[in-house]
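> Sequence and predicted model, in that order:
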Amino acid sequence: MSQSLRLFNHASTPNLTFPSNPNTKQCYSYLPKPSSTYNRRFPLISIRASSSSSDLDSSSPLLVSDNGKGAVISREEEYPVAAGSIEVDSVTETELKENGFRSTRRTKLVCTIGPSTCGFDQLESLAVGGMNVARINMCHGTRDWHRQVIQLVRRLNEDKGYAVAIMMDTEGSEIHMGDLGGASSAKAEDGEIWTFSVRAFDSTLPERTINVNYDGFAEDVKVGDDLLVDGGMVRFEVIEKIGPDVKCRCTDPGLLLPRANLTFWRDGSLVRERNAMLPTISSKDWLDIDFGIAEGVDFIAISFVKSAEVIKHLKSYIAARSRDGDIAVIAKIESIDSLKNLEEIVQASDGAMVARGDLGAQIPLEQVPSAQQRIVQVCRQLNKPVIVASQLLESMIEYPTPTRAEVADVSEAVRQRADALMLSGESAMGQFPEKALAVLRSVSLRIERWWREEKRHEAMELPDIGSSFSDKISEEICSSAAKMGHMASLLSRCRPDCPIFAFTTTTSVRRRLNLQWGLIPFRLSFSDDMESNLNKTFSLLKARNLIKSGDLVIAVSDMLQSIQVMNVP
Ligand SMILES: Nc1ncnc2c1ncn2[C@@H]1O[C@H](COP(=O)(O)OP(=O)(O)O)[C@@H](O)[C@H]1O
Ligand SMILES: C=C(OP(=O)(O)O)C(=O)O
Ligand SMILES: [K+]
Ligand SMILES: [Mg+2]
């Protein structure tokens with residue numbers, strides 16, 4: 001039987017019990033006895049495994065389990081896991097078997113799905129290549145198109161054993177161009193005169209004419225303003241206004257893409273008075289959100305968030321409408337206001353995205369890297385998953401290899417320990433979606449391996465975040481479990497130098513956990529008896545060759561408010 005060490009279990013001991021085994025490391029923190037019955041909202045097992053008890057080094061794997069951040073969720077579609085079975089992503093299982101625990105990828109990958117990747121086989125290739133979350137961007141395509149993608153991802157999960165989550169990204173109500181009358185792009189040359197118009201054109205667009213989605217556009221711009229397409233990819237100067245038409249001269253030539261974002265600048269600053277009056281969630285966005293709720297997406301990302309209020313409003317809207325209120329809301333940080341109100345926005349959200357595309361159109365480009373670093377740090381402090389997005393591998397839309405600069409950018413995001421990296425055009429409409437994904441994967445793995453080799457376990461001062469007493473206890477339990485292996489961990493937040501196995505009873509929670517750094521979600525059924533849950537988990541993992549007898553593990557359970565160190569029986 002396992003040499004089991006019970007550090008604390010209030011169910012059987014009134015206070016802290018110190019271990020009698022002299023070989024175990026003496027590094028526990030005092031855990032006060034909870035005053036009330038223990039909190040069942042967060043059944044949590046954290047198991048840290050290594051080959052022998054003397055091998056408690058920081059790079060050995062940590063397995064964690066979490067049943068979501070709220071009540072145990074049951075969906076109508078939810079089906080019990082067959083007794084004696086455990087569900088894990090088939091790609092992860094293969095990786096675990098082939099490479100062992102230590103080399104599992106910690107950084108998660110999000111792919112935007114578009115014309116290049118919307119077929120079943122293409123989606124499957126992305127899943128095989130490590131896609132954890134599929135993003136659909138409601139700026140483009142019809143709801144029917146998006147529904148089709150959602151259904152294909154579902155089928156992929158069901159038929160082939162993946163747990164790819166779906167993120168729906170709203171259009172938001174910023175100013176953008178129309179869809180170029182069906183053309184995939186248009187080239188604007190230096191000195192050319194183009195017309196930006198709010199008129200509705202019933203047939204084809206006149207030559208060098210761009211439709212603008214915002215009625216107040218022609219009133220708001222002034223002659224002399226700079227008009228930036230996509231944050232400066234193409235630049236125009238406003239030279240004349242004729243009713244609904246605004247004539248502009250191209251000053252920086254480039255490719256115009258359908259529905260590209262437009263900003264205008266006056267005397268070196270962004271003009272944003274009008275934008276401030278547009279609602280963050282437009283009426284079209286609300287329809288898309290209803291669609292997302294009806295389709296049961298896992299995440300809704302909100303564009304151009306300005307304040308925490310809109311997030312709170314959306315969260316209560318979702319809670320009232322979704323069957324189980326389990327759609328996570330991701331705040332996209334891509335405006336000056338979102339940077340100003342960053343902490344409160346992140347606090348109100350279930351996660352954030354560093355949406356560098358639009359962010360770079362609203363603040364000077366050279367400020368984007370420091371903004372990214374701050375957003376990633378704030379998210380980690382507040383324990384919210386964070387995605388770094390846009391232009392990570394932009395050149396791979398056209399070319400099969402990335403630039404050195406792009407690889408350096410991806411490395412930096414991984415090094416910052418962002419939870420996830422995202423592909424946009426590279427996977428949506430690029431020529432090499434799978435290659436781009438492979439670059440994200442291999443760069444992530446390389447940096448993560450380098451940490452292990454160099455033993456760079458970055459410890460960050462993390463503030464207490466639990467508000468309730470039992471949350472605080474959970475936090476204590478996790479950090480003391482982490483300290484035993486000289487590594488940081490309040491679960492994923494501590495970015496421990498080991499994978500974290502997350503056990504849940506719920507399919508949707510399993511998919512949502514997929515966004516978080518280092519978490520490998522499993523689904524199995526739990527009983528009320530934690531001891532037998534653990535034993536069952538061990539035997540299922542052993543049967544799948546994912547752990548073996550003798551592996552040393554630390555099991556953290558906030559169902560029992562306990563930590564146990566034991567060898568796998
Ligand atoms: N559902 C879709 N249908 C058609 N094209 C799409 C779709 N999703 C994305 N794209 C294409 O991929 C590009 C990059 O995607 P993304 O970065 O999400 O959007 P945007 O460039 O509008 O911010 C888009 O500009 C568009 O050309
Ligand atoms: C991710 C972003 O948002 P979208 O692609 O919807 O513009 C961005 O602006 O970087
Ligand atoms: K969007
Ligand atoms: Mg954006």
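Cool, the structure landed. Keep in mind that this is a model prediction, so the values were computed, not measured. Ligands and ions are numbered 1, 2, ... in the order given.
> Tell me which residues touch the closest residue to ligand 4 within the stretch 201-350 of the chain, please.
Residue of the stretch 201-350 of the chain nearest ligand 4, by C-beta to the ion: Glu334 (4.8 Å). Yep, even glycine has a C-beta here, placed from its N, CA and C like the rest. Counting by C-beta atoms under 8 Å, 6 or more residues apart in numbering, Glu334 touches Ser303, Phe304, Met353, Ala355, Arg356, Gly357, Asp358, Leu359, Gln362.
> Check Ile166 too.
Contact analysis of Ile166 by C-beta under 8 Å, 6+ apart lists Val133, Ala134, Arg135, Ile136, Ile150, Val153, Glu295, Val297, Asp298, Phe299, Arg511.
> Let me know the average pLDDT across the host helix or strand of it.
Following DSSP states H and E, one finds Ile166 within strand 165-169. For strand 165-169, mean pLDDT is 98.
> Kindly report the same for stretch 427-438.
Mean predicted confidence for stretch 427-438 is 98.
> Kindly report the same for stretch 382-395.
Averaged across stretch 382-395, pLDDT comes to 95.
> give me the residue from this protein nearest ligand 2.
Gly357 (2.8 Å; C-beta to the nearest ligand atom).
> isn't that residue right up against Val388?
No - contact between Gly357 and Val388 fails when scored by C-beta atoms under 8 Å: they sit 11.6 Å apart.
> Compare neighbour counts for those two and give me the winner.
Neighbours around Gly357 and Val388, counted as other C-beta atoms under 10 Å, are more numerous at Val388. The numbers are 25 against 20.
> Pull up the residues of the protein that are close to ligand 2.
Contact residues, the chain versus ligand 2 (C-beta under 6 Å from any ligand atom): 137, 139, 169, 303, 332, 334, 355-358, 389-390, 424.
> Can I get those in TSV including secondary structure?
TSV is the format used below for the residues of the chain next to ligand 2 (DSSP: H, G, I helix; E, B strand; the rest coil):
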residue	secondary structure
Asn137	strand
Cys139	coil
Asp169	strand
Ser303	coil
Lys332	strand
Glu334	coil
Ala355	strand
Arg356	helix
Gly357	helix
Asp358	helix
Ala389	strand
Ser390	coil
Ser424	coil
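> So which of those reach ligand 1?
Within those, those near ligand 1 by C-beta under 6 Å from any ligand atom are Asn137, Cys139, Gly357, Ser424.
> ok, now how distant is the last one from Asp358?
The one in question is Ser424. The spacing between Ser424 and Asp358, counted by C-beta to C-beta, to the nearest Å, is 11 Å.
> Looking at those two, which is more packed in?
Higher neighbour count among Ser424 and Asp358: Ser424, with 26 against 23, using other C-beta under 10 Å.
> what are the phi and psi values for that one?
Main-chain torsions, Ser424, degrees, to the nearest 10: phi -110, psi -100.
> correct me, but it touches Ile387?
No - with contact defined as C-beta under 8 Å, Ser424 does not reach Ile387; the gap is 11.1 Å.
> Which helix or which strand is home to the residue lying closest to Gly129 once chain neighbours are set aside?
Residue nearest to Gly129 in three dimensions, not counting chain neighbours: Leu437, with 4.4 Å by C-beta to C-beta, 6 or more residues apart in numbering. Assessed by DSSP H and E, Leu437 sits inside helix 433-454.
> I'd like the distance from that helix to the chain centre, please.
17 Å (C-alpha atoms, centre = their mean, to the nearest Å).
> contacting residues around the closest residue to Met396 other than its chain neighbours?
Once flanking residues are discounted, Met396 sits nearest to Ala436: 4.4 Å by C-beta to C-beta, 6+ apart. Contacts for Ala436 (C-beta under 8 Å, 6+ apart) come out as Leu393, Met396, Pro402, Leu423, Glu426, Ser427, Gly430.
> about what we covered before: what two of the residues of the chain next to ligand 2 are the furthest from one another?
Pairwise distances across the residues of the chain next to ligand 2 (C-beta to C-beta) peak at 16.0 Å, for the pair Cys139 and Arg356.
> picking that back up, turn the contacts of Ile166 into TSV, including distance to ligand 3.
Converted to TSV, those look like this (distance: C-beta to the ion, whole Å):
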residue	distance to ligand 3
Val133	15
Ala134	14
Arg135	9
Ile136	9
Ile150	16
Val153	18
Glu295	17
Val297	14
Asp298	17
Phe299	13
Arg511	21
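> Can you report how many residues lie near Ala543?
Counted with other C-beta under 10 Å, residues neighbouring Ala543 total 11.
> just checking, what packs against the helix or strand where Glu531 lies?
Glu531 belongs to helix 530-543 when assigned by DSSP H and E. Secondary-structure packing of helix 530-543 (3 or more C-beta pairs under 8 Å, 6 or more residues apart in numbering; DSSP states H and E): strand 45-48, strand 552-557.
> Mean pLDDT lowest where, among those?
Among those, strand 45-48 scores lowest, at a mean of 40.
> what's the pLDDT at Asn39?
Looking at Asn39, the pLDDT reads 27.
> And Met559, by the same measure?
For Met559, the predicted pLDDT is 56.
> got the phi/psi numbers for Lys187?
Per-residue torsions, Lys187: phi -100, psi 130 (degrees, to the nearest 10).
> what's the closest non-adjacent residue to it?
Per C-beta to C-beta, 6+ apart, closest to Lys187 is Leu255, 5.9 Å.
> That neighbour against Ala186, yeah?
Yes - look at Leu255 against Ala186 with C-beta under 8 Å: they come within range, at 7.4 Å.
> Now do stretch 360-368: distance to the chain's middle.
Relative to the centre of its chain, stretch 360-368 is centred 22 Å away, using C-alpha atoms, centre = their mean.
> tell me which residues of it are tucked away?
Gly360, Ala361, Gln362, Ile363, Val368 (16 or more other C-beta atoms under 10 Å).
> now stretch 437-456
For stretch 437-456, burial by neighbour count (16+ other C-beta under 10 Å) applies to Leu437, Val439, Leu440, Arg441, Val443, Ser444, Leu445, Ile447, Glu448, Trp451, Arg452.
> quick one, strands of the stretch 51-200 of the chain?
Secondary structure of the stretch 51-200 of the chain (DSSP state E, counting those that start in this stretch): strands located at 62-64, 87-88, 108-112, 133-137, 165-169, 186-188, 193-197.
> okay, these, which one's buried deepest?
Stretch with highest mean neighbour count among the strands of the stretch 51-200 of the chain: strand 62-64 (a mean of 29; mean count of other C-beta atoms under 10 Å).
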